[in-house]
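Asks: Sharing a model prediction with you, sequence too.
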Amino acid sequence: MSGMDYEWLEVALKSGDVGAWYWDIHKGKEIVRTEYYNYVYGLKADQIWTRDDWMQHIHPMDREDVVAKMQAAMDGAAPEYHAQYRVNRDDGSVRWVKAWGKGIRDSNGKVVRVAGVVRDITELKKVERDRDQFVATLSHDLRNPLSAARANVELLQKFPNQISEKPKFLDKVVAAIERADRIIQDLLDSSRAQSGKPVYISYQACDLRLVLLDAIEDLSLQYGDRFRFETSGEFAGTWACEGVRRVLENLAVNAIKYGATHEPVRIDLSRTLNIVSLSVQNQGNPIPDDEQKTLFEPFKRALSAEAGQQQGWGLGLTVVHSVADSLHGHVTVKSGTDIGTTFRLEFPTLT
Amino acid sequence: MLVVDDNREVAAPLIMLLEYEGHVVRYADDGDSGLLAVSDHFPDVIFLDIEMPKLNGPEMAYRLLIQDAGRENIPIIVLSGVANLEEVAEKIGTPYFLPKPFPLDKLELLFERALKERRPPRTMQRTRGAA
């Protein structure tokens, strides 16, 4: 291939995150490869790279399978070879690659060269893993309210005469179903937000303070008496009460999940003439500065949260951010060792 | 009986069912409090959630095992909505587990079985190792 052709090929391969290589079986041990191949494996351009080196850099869990597939292509036992495996680079980082290759035969039908391409699919694998995690945690989160609703209904059926406070039981069932519905609504809203559409919120006559108080009572049913609610100012009027309620619920559940256990979660609702402020504060490990920047992106969870026991489903803060946008407001976070973590929603009143 | 679940809304009807059936029930909202409750008084059976703050279900089960002194023999019923429940129950080594949301009669059957057999966690591993 001429130098010009090679450059052209290299550009094409690189733009598709693809590296190419070939190995002439009888001409020595070295594998000839393109620049992007070097990037994938973390190699210097002039580094000697043989088949043995290649094998050594395949993750031990994948090595046997990949080498066997490649061998089959070399022996002519298989026409092509396809594999997905992890590459252990010398610097300690790991990349996922998707590889395709085939044996090239001479005029006698003997395989003399093996050639192939590798594609870096690390990011793809990460998205796949995030999606699996998301589906698992979403189904888990949905099962809690379903479980509560089902058990309460069955208790009523089983002990119709012993249970004196039937309306209270039915209230719990309705509250649980509403919670399941809100999880679904969060899912739909985050999906809208990801495609750049605003989250729909509706304004109605309501008392914002009472709506949030109701939400806190509901949260206390699930998590116990952990919430301290303070308000100042007048909140009867026309508000997007349900939207603000969902912001509070998401922030309060996060505070319980990721904050210090058994410490109170402080919720503060206040206003000036034009601006309403709702803050949720918890004690516990602070969120590092660099993680604060990506917190509101879908599926992002702070590493500090991942290290803990709780699995979030990674959309709560995306929903919070989107609702804040629809309210023409914004949400901020402050976090530190001594001050704990405070999320604050601020939005203008409807005047 | 001891119910360990961070979600009170889910724990409340379970506690009520057990109490209606004449059992004395205690409640803990995370693994740490669960361990304290066990130390205080050994329950006949532990109903254990998996995902909890501070100390989760499998970790609490593990602590019971290594703390020894009889705690390792308390049967554990794992109740959870996690996708890989069987896997987690196997890790804990208990044959008793039920996915949320569960029908109450299934839970009662499982509970009766656990009370009768009293198979301590890890029994399966031990048997398998011996076989």
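Replies: Everything's here; your move. Residues are numbered from 1 along each chain as shown, chains lettered A, B, ... in the order given.
Asks: those strands in chain B, which residues are they?
Replies: Here chain B has its strands, by DSSP state E, at B:2-4, B:26-28, B:46-48, B:76-80, B:97-99.
Asks: Comparing the ones you listed, which stretch has the densest surroundings?
Replies: Highest mean neighbour count among the strands of chain B (mean count of other Cβ atoms under 10 Å in any protein chain shown): strand B:46-48, with a mean of 28. From N, CA and C alone the C-beta is placed, and that goes for glycine too.
Asks: Pull the number of nearby residues for residue B:74.
Replies: Residue B:74: 18 surrounding residues under other Cβ atoms under 10 Å in any protein chain shown.
Asks: May I see the strands of chain B organised as JSON lines, with distance to chain A and mean pLDDT added?
Replies: Shown next, in JSON lines, are these (distance: least, Cβ to the nearest Cβ, whole Å; pLDDT from 0 to 100):
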{"stretch": "strand B:2-4", "distance to chain A": "12", "mean pLDDT": "96"}
{"stretch": "strand B:26-28", "distance to chain A": "10", "mean pLDDT": "95"}
{"stretch": "strand B:46-48", "distance to chain A": "12", "mean pLDDT": "96"}
{"stretch": "strand B:76-80", "distance to chain A": "8", "mean pLDDT": "95"}
{"stretch": "strand B:97-99", "distance to chain A": "8", "mean pLDDT": "95"}
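Asks: of those strands, which approaches residue A:207 most closely?
Replies: Nearest of these to residue A:207, taken as Cβ to Cβ: strand B:26-28 at 34.0 Å.
Asks: Each with direction, which strands does that closest one pair with?
Replies: strand B:2-4 (parallel) (DSSP bridges).
Asks: can you list contacts of the strand it pairs with?
Replies: Contacts to strand B:2-4, defined as Cβ atoms under 8 Å, 6 or more residues apart in numbering or on different chains, come from residues B:11, B:14-15, B:18, B:25-31, B:33-34, B:37-38, B:43, B:45-49, B:52, B:57, B:60.
Asks: distance between it and the chain's centre?
Replies: The chain centroid and the centroid of strand B:2-4 are separated by 7 Å under Cα atoms, centre = their mean, to the nearest Å.
Asks: Over to stretch B:85-96?
Replies: With Cα atoms, centre = their mean, you get 10 Å for stretch B:85-96.
Asks: For that stretch, output the C-alpha coordinates as CSV.
Replies: The C-alpha coordinates for stretch B:85-96 follow below in CSV (Å, rounded to 0.1, in the frame of the first residue of the first chain):
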residue,chain,number,x,y,z
LEU,B,85,-32.5,-12.2,45.0
GLU,B,86,-31.6,-15.9,44.6
GLU,B,87,-27.9,-15.0,44.1
VAL,B,88,-27.9,-12.9,47.3
ALA,B,89,-29.8,-15.5,49.3
GLU,B,90,-27.2,-18.1,48.1
LYS,B,91,-24.4,-15.8,49.2
ILE,B,92,-26.0,-15.5,52.6
GLY,B,93,-26.5,-19.2,52.5
THR,B,94,-30.1,-19.3,53.5
PRO,B,95,-32.8,-21.4,51.8
TYR,B,96,-35.5,-19.0,52.9
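Asks: so residue A:256 touches residue A:224, yeah?
Replies: No. Assessed by Cβ atoms under 8 Å, residue A:256 is found out of contact with residue A:224, at 9.1 Å.
Asks: can you tell me which strand in chain A is longest?
Replies: Longest strand in chain A, counting residues (DSSP E): strand A:94-105.
Asks: Show me which residues of chain A sit near chain B.
Replies: A:135-136, A:139-152, A:154-155, A:158-159, A:162, A:172, A:175-176, A:221-224, A:256-257, A:261, A:308-311 (Cβ under 8 Å from any Cβ of the partner chain).
Asks: Could you pick out the buried ones from those?
Replies: Applying 16 or more other Cβ atoms under 10 Å in any protein chain shown to these, the neighbour count classes A:136, A:140-152, A:154-155, A:172, A:175-176, A:221-223, A:256-257, A:261, A:308-311 as buried.
Asks: So which of those belong to helices?
Replies: Of these, the ones assigned to helices by DSSP state H are A:136, A:140-152, A:154-155, A:172, A:175-176, A:221-223, A:256-257.
Asks: pLDDT below threshold where in chain A?
Replies: Within chain A, the stretches with pLDDT under 70 are A:1-4, A:297-314, A:351.
Asks: so what are the domain limits for it?
Replies: Using automatic domain parsing, the domain parsing of chain A gives A:3-120, A:126-348.
Asks: List the contacts of the longest strand of chain A.
Replies: For strand A:94-105, the surrounding residues in contact (Cβ under 8 Å, 6+ apart) are A:22, A:40-42, A:59, A:66, A:70, A:73-76, A:79-89, A:111-122, A:124-125.
Asks: Can you tell me how far the spatially closest residue to residue A:91 that is not a sequence neighbour is from chain B?
Replies: Spatial nearest neighbour of residue A:91, chain neighbours left out: residue A:42 (5.8 Å); criterion: Cβ to Cβ, 6 or more residues apart in numbering or on different chains. For residue A:42, the distance to chain B (Cβ to the nearest Cβ, to the nearest Å) stands at 34 Å.
Asks: Next up, the contacts around residue A:16.
Replies: By Cβ under 8 Å, 6+ apart, residue A:16 lies in contact with residue A:119.
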